[in-house]
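J.: fold the stuff below for me.
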Amino acid sequence: MNRQTYTEGSPWEPIVGYARAVKIGNVIEISGTTASVNGEVVGKGDVYEQTKCILQKFEKVLNELGASMKDVVRTRIFCTDISQWEAIGKAHGEFFGEIKPTTGMYQISKLISDDLLVEIEATAILSE
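T.: As a prediction, this is how the structure comes out:
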């Protein structure tokens, strides 16, 4: 099967040895993604804005790989404060309301920066 790798030029990609997304066949896996753009955190202190930023990044990645948000079948949401689930869920619902992928939301103790409040992973499967 053909493997297609998508990188976004993050300074962490070469250090950690990962890609933003990998497409093999009709499956796309998107790495844990935060609201960091050009080294700056988007929406500091605002989990809703950070979630929107992440999902906008997903749209870009999926489009580059010949897919769209409608191909997403699963998301995994990691947040540092589960009491903010409604704001995270609201942004998630704005992108996936009609698509309805499976998901999980988990509170974790910390992300790579204290300014980052949420990180999301996704799996997409393209129709054959």
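J.: please count neighbours and contacts with C-alpha atoms only from this point.
T.: Fine.
J.: contacts for stretch 113-125?
T.: 26-35, 41, 44-47, 50-51, 54, 69, 71-81, 111 (C-alpha atoms under 8 Å, 6 or more residues apart in numbering).
J.: now do the buried residues in that stretch.
T.: Residues of stretch 113-125 classed as buried: 115-125 (neighbour count, 16 or more other C-alpha atoms under 10 Å).
J.: just the contacts of stretch 113-125: which are in helices?
T.: The helices, defined by DSSP state H, take in 47, 50-51, 54 from the contacts of stretch 113-125.
J.: what about the strands in the protein?
T.: With strands called from DSSP state E, the chain shows them at 3-6, 21-24, 27-33, 36-37, 40-41, 72-79, 102-107, 118-125.
J.: now what about the fourth one, what contacts it?
T.: The set of residues external to strand 36-37 that reach it, using C-alpha under 8 Å, 6+ apart, is Val42.
J.: paired strands for that strand, with orientation please.
T.: Here strand 36-37 has these sheet partners by DSSP bridges: strand 40-41 (antiparallel).
J.: next one: the strand it pairs with to chain centre, how far?
T.: 15 Å (C-alpha atoms, centre = their mean, to the nearest Å).
J.: check contacts around Lys57.
T.: By C-alpha under 8 Å, 6+ apart, Lys57 has no neighbours at all.
J.: now it: how far from Trp85?
T.: Note on Lys57: its distance to Trp85, by C-alpha to C-alpha, to the nearest Å, is 20 Å.
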